[in-house]
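# Below are the sequence and a predicted model for it; my questions follow.
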Amino acid sequence: MTVGIQPAELSFFSTLASCGSLSAAARELGITTPAVSKRLAQMEARLGLPLVNRTTRRMSLTPEGEVFLEHARRILGDIADLDQLLTRSKGTPKGLLRVNATLGFGRLHIAPVISRYVSQYPDVDAQLQLSATPPPLTDDQFDVCIRFGAPPEARVIAKRLAPNRRLLCASPKYLKAQGEPKVPNDLTHHNCIGIRQGDEAYGVWRLSPLRSPSRDTEAVKVRGNLTTNDGEIAVNWALDGHGILMRAEWDIKRYLNSGRLVQVLPQYQTPDADIYAVYPLRHQLSTRIRTFIDFLSQSFVRFGEKSG
C-alpha cells in the first residue's frame, strides 16, 4: 500500500525551506541534523522524487520541491485560517504569523508592535523577516507585508496605516561647503547619496512643486560616490556631510528637529510613500491577521500624529 503525503511533513518541509539548510532546520525544530536528513530522505523515497539539491555548503529546492513548498504553505495557512474561523467566537487569535518589512522601518517600528501584540496574544507565534527588497506580493512565504506606497496588485488587500513623505535633506556642513540647491535641476551638480531598494528606478528623483503636485513633475537623474541598500547607513553618511539624501520622514524627523539635518528644496514634494499593510485576499477572515492589522492600525495612529 502506497502512503501519501503526511500532514506533519507539510510543516517540516516549510520549516526546512525557510531555514535554508539542514543544520538551521535542526536548530529550529530542536532535533539533530542527521534526524532532519533522515526525515527528508524518507519523504523523498516515499514520493519517489527529489525535493532538495544538497551540497556541502548549501541546499536548494528542486522544481518538484518548489511546487511542494508552494502548496504546503498554502495548505498550512488554510488550516490555520479554518481553525480560527471555527473558533472565531472565542476571539483569541493563535497560530503562526509571518511578517515582512524593510530593514530600518521593520527594526524601528514593526518589531516593537509585534512585541506588544504577542504580549497581548501569547498563543500567536510571530516571525518577522527584514529585507532590503520586498518579496513579491504573490509569494506565500509571508502573511503580512509592510510596504511603502499603494501596491498595484489587485489580488491583495492593502490597509493604509499612516501617511509618509520622502524628503530631501543634507547636513549643514555639506550645504555650507557646496551651497543649497534652489530648483530640482541643481541636484545634478551635487553629490547625492543613493539607496538601492525594491524595484524603484535607481538614481532618478521625481519632484513636483507643492502648489501643483499633479503637474510639472521633474525627473532628475542624480549621481554620487556613495550607494547602499541600507537606509540607516545612508542617513549616517548624510549626517557625516557626504551629500544630499532622499529619505522617508519617519527616519530623519529627529535629525531635522535637532538641526543635524536640514530639509532641501522644501517647496517641492516627492511621490507619496504612505505606509501599507498588505495581505492576501484569502486571509481576510483570519482572526490572527485581522487582529494584527487592527493592532498595527492603532499603533500607527500615533505614528501618523507624530509625523504630521
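Ah, there it is.

# Is Ser23 in a helix, a strand, or coil?
Here Ser23 is helix, with the state taken from DSSP: H, G, I helix; E, B strand; the rest coil.

# so where's this structure shaky on pLDDT?
Residue ranges of the chain with pLDDT under 70: 1-4, 55-57, 84-85, 87-91, 137-140, 153-154, 197-201, 212-215, 285, 302-308.

# Where does the residue positioned nearest the centre of it sit, in terms of helix or strand?
Central residue check for the chain by CA atoms, centre = their mean: the C-alpha nearest the mean position is that of Ala101, 2.2 Å away. Assigned by DSSP states H and E, Ala101 falls within strand 95-102.

# hang on, the earlier thing: list the residues that contact the residue nearest to the centre of the chain.
Taking CB atoms under 8 Å, 6 or more residues apart in numbering, we find Ala101 in contact with Ile110, Leu128, Gln129, Leu130, Cys145, Ile146. Every residue, glycine included, has its C-beta placed from N, CA and C.

# Which of those residues are buried? Put it as a ChimeraX command.
Here is the ChimeraX command that selects the buried residues among the contacts of Ala101 (16 or more other CB atoms under 10 Å):
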select :110,128,130,145,146
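
# for the contacts of Ala101, which one is nearest Glu66?
Set against Glu66, the nearest of these by CB to CB is Gln129 (18.8 Å).

# Would you verify that the closest one is located in a strand?
Yes: the assignment for Gln129 (three-state DSSP) places it in a strand.

# I'd say it and Phe142 touch.
Yes: if you go by CB atoms under 8 Å, Gln129 and Phe142 touch, sitting 7.2 Å apart.

# tell me, what's touching these two both at once?
By CB under 8 Å, 6+ apart, the residues touching both Gln129 and Phe142 are Arg98, Val99, Asn100.

# which residues does the last one contact?
Residues in contact with Asn100 (CB under 8 Å, 6+ apart) are Gly106, Leu128, Gln129, Leu130, Ser131, Pro134, Pro135, Gln141, Phe142, Val144, Cys145, Ile146.

# for the second one, same thing?
Under the criterion of CB under 8 Å, 6+ apart, the contact list for Val99 reads Ile110, Ile114, Ala126, Gln127, Leu128, Gln129, Phe142, Asp143, Val144, Cys145, Ile146, Phe292.

# Among the residues you listed, which lie within strands?
Counting by DSSP state E, those place Ala126, Gln127, Leu128, Gln129, Val144, Cys145, Ile146 in strands.

# Arg147 versus the spatially closest residue to the fourth one that is not a sequence neighbour, what's the distance?
Counting by CB to CB, 6 or more residues apart in numbering, the nearest residue to Gln129 once its immediate chain neighbours are dropped is Asn100, at 5.2 Å. Taken as CB to CB, to the nearest Å, the spacing of Asn100 relative to Arg147 amounts to 9 Å.

# thinking again about what came up before, export the strand holding Ala101 as PDB, just CAs?
Output in PDB follows, covering the C-alpha atoms of strand 95-102 (Å, rounded to 0.1, in the frame of the first residue of the first chain):
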ATOM      1  CA  GLY A  95      -1.100  30.100  15.100                       C
ATOM      2  CA  LEU A  96       1.800  31.300  13.000                       C
ATOM      3  CA  LEU A  97       2.000  34.900  11.900                       C
ATOM      4  CA  ARG A  98       4.700  35.700   9.300                       C
ATOM      5  CA  VAL A  99       5.500  39.300   8.700                       C
ATOM      6  CA  ASN A 100       7.900  41.000   6.300                       C
ATOM      7  CA  ALA A 101       9.200  44.600   6.500                       C
ATOM      8  CA  THR A 102      12.100  46.700   5.300                       C
END
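
# No more questions from me, cheers.
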